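Asker: Provide a 3D model corresponding to the input given below.
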Amino acid sequence: MRRKSIHIKKTTEVKSPNQKTPQMAHYYDYEKYEDNNDNHHITTPTHSSNACTFQNNVWTGSEPYVEITCLYPSLRYITTSWEMSEKPNLLISQGHEMTKRYPNAPAIVCAVYVGLCWWLPKVLNGRKFNCHPILPLWNLLLSAFSFVGFLRTFPTLLHIILTSGSSSDPPVLMEYVPALGHMPTFAEGTVYKVLNGLENLFTGKASQNFGSGSCGLWVMLFIYSKFPELLDTFFLILRARPVIFLHWYHHITVLLFCLQSYRLESPAGLIFCVMNYGVHTVMYLYFFLTTLSLRPKAFRPYYVTVLQLSQMFLGIATCAYSALLYNSSSQLPTSEGSHIKVNNLIAAFVMYASYFVLFAKFAWDYAERLGIGRLGRGWTRGSGSVRTKGGGQRKEKDL
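Answerer: Presented below is the predicted three-dimensional model:
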């Protein structure tokens, strides 16, 4: 049996420019087997980069992008056929267009939200409502949603970092950290490749890196999930729990920043999305367990605290790295050099730095009230329980 390669192109229907559905073209490399009777049959794709490239991107209509589930077939076992098709791209396109058409909508929603945080407790006047079983289901739903989102976005992040960078070109970071030039030879290529991959992620086109396909769908869902997450606050109010500054400040700033980043197509948005998906998977799972009075000994509250503070630290580090890259390419036009948006970068730094300070201060103050050694058993953000020093009774503390 003889074997030769052929290239097959499949193009979908092209709609008029006034219609929002963009032209999409798939390219697949198939292996064609020819037997003695010249019977041809097509088998499994070779999954090369060209084979998994969409020719048109839904954000711009012209940028090619790689569908990650095609490039790594093992991901198909955890991805639905609908997500791997072209159908989600229309939804992504509409979601992205909404952020540009209504740029002031997030600010209006946040203003109404803050007003309700002040008004509803006064109206309820201390009345408590039983939120079971809605609250456990809500926390479980958010944990599951975040877990699936992490599975959909992390492979793309890893792929960009590990495959897009050069292992021979010195990264920009070497200009600021000379010690990188004195690393062992065996590690040099790997470090260069990872750092150059990060540079490509932080300065590249968001529309091309994560604007479409299965990853683009879950980035878009992440952005819009910040609206229903505001319901966390109303569960606190319905249970007559205090809504402290850190709680509502965190919710409104995350919502405003995410919508701005999506509208401006921030290159570093993918790493923020992956970090938040991962932390929320663990955090809401812990909330789910505590609402059911289940507290496994292996699942200490301080694990969530450490994860949250680590996320803030990595967010600050990402902003600092992006600033270095922008400074190195600032002499070039945005279309030719860095795609970093300065106003979005400043907003990200202020947000993550303020989170780190506020979360660290809250953790420290609460630890002092309980005793430093008891922090691991007694505190975490959200619906948790602590033992008071005196009576030994449990009292819930919510953020």
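Asker: Skipping adjacent residues, who's closest to the residue nearest the centre of the chain in space?
Answerer: Nearest residue to the geometric centre of the chain (CA atoms, centre = their mean): C273, 1.2 Å. Residue nearest to C273 in three dimensions, not counting chain neighbours: F222, with 4.9 Å by CB to CB, 6 or more residues apart in numbering. Every C-beta, even on glycine, is put in place using the N, C-alpha and C of the backbone.
Asker: hang on, the earlier thing: could you point out which element follows the helix or strand encompassing the residue nearest to the centre of the chain?
Answerer: In this structure, C273 is located in helix 269-291 according to DSSP states H and E. Following helix 269-291 in sequence order, the next helix or strand is helix 301-329 (DSSP H and E).
Asker: next one: that next one to chain centre, how far?
Answerer: Computed by CA atoms, centre = their mean, to the nearest Å, the separation of helix 301-329 from the middle of its chain amounts to 13 Å.
Asker: where's the helix or strand where the residue nearest to C273 lies relative to the chain centroid, distance-wise?
Answerer: For F222, the host element (DSSP H and E) is helix 213-224. Mean-position distance between helix 213-224 and its chain equals 8 Å (CA atoms, centre = their mean).
Asker: On the three-state scheme, K226 is what?
Answerer: coil (DSSP: H, G, I helix; E, B strand; the rest coil).
Asker: follow-up on the earlier one: I figured the residue nearest to the centre of the chain was touching F154, is that so?
Answerer: No: in this structure, C273 is not within contact of F154 by CB atoms under 8 Å, at 9.5 Å.
Asker: Helix, strand, or coil at P267?
Answerer: Classification of P267 using three-state DSSP returns coil.
Asker: what about it, how many residues close to it?
Answerer: 27 (other CB atoms under 10 Å).
Asker: what's the answer for A317, then?
Answerer: As a measure of burial, A317 has 11 neighbours, counting by other CB under 10 Å.
Asker: And it, how close does it get to L307?
Answerer: Relative to L307, A317 is positioned 15 Å away (criterion: CB to CB, to the nearest Å).
Asker: okay, the closest residue to M283 other than its chain neighbours: pLDDT?
Answerer: Closest residue in space to M283, ignoring its immediate chain neighbours: V304 at 5.3 Å, by CB to CB, 6+ apart. pLDDT for V304: 88.
Asker: you'd agree V304 is up against T281?
Answerer: No: counting by CB under 8 Å, V304 does not reach T281; the two are 10.8 Å apart.
Asker: any idea which element W364 lies in?
Answerer: With DSSP H and E as the criterion, W364 is inside helix 342-370.
Asker: Relative to the whole chain's centre, how far out is that helix?
Answerer: So, by CA atoms, centre = their mean, the centroid of helix 342-370 is 19 Å from its chain's centroid.
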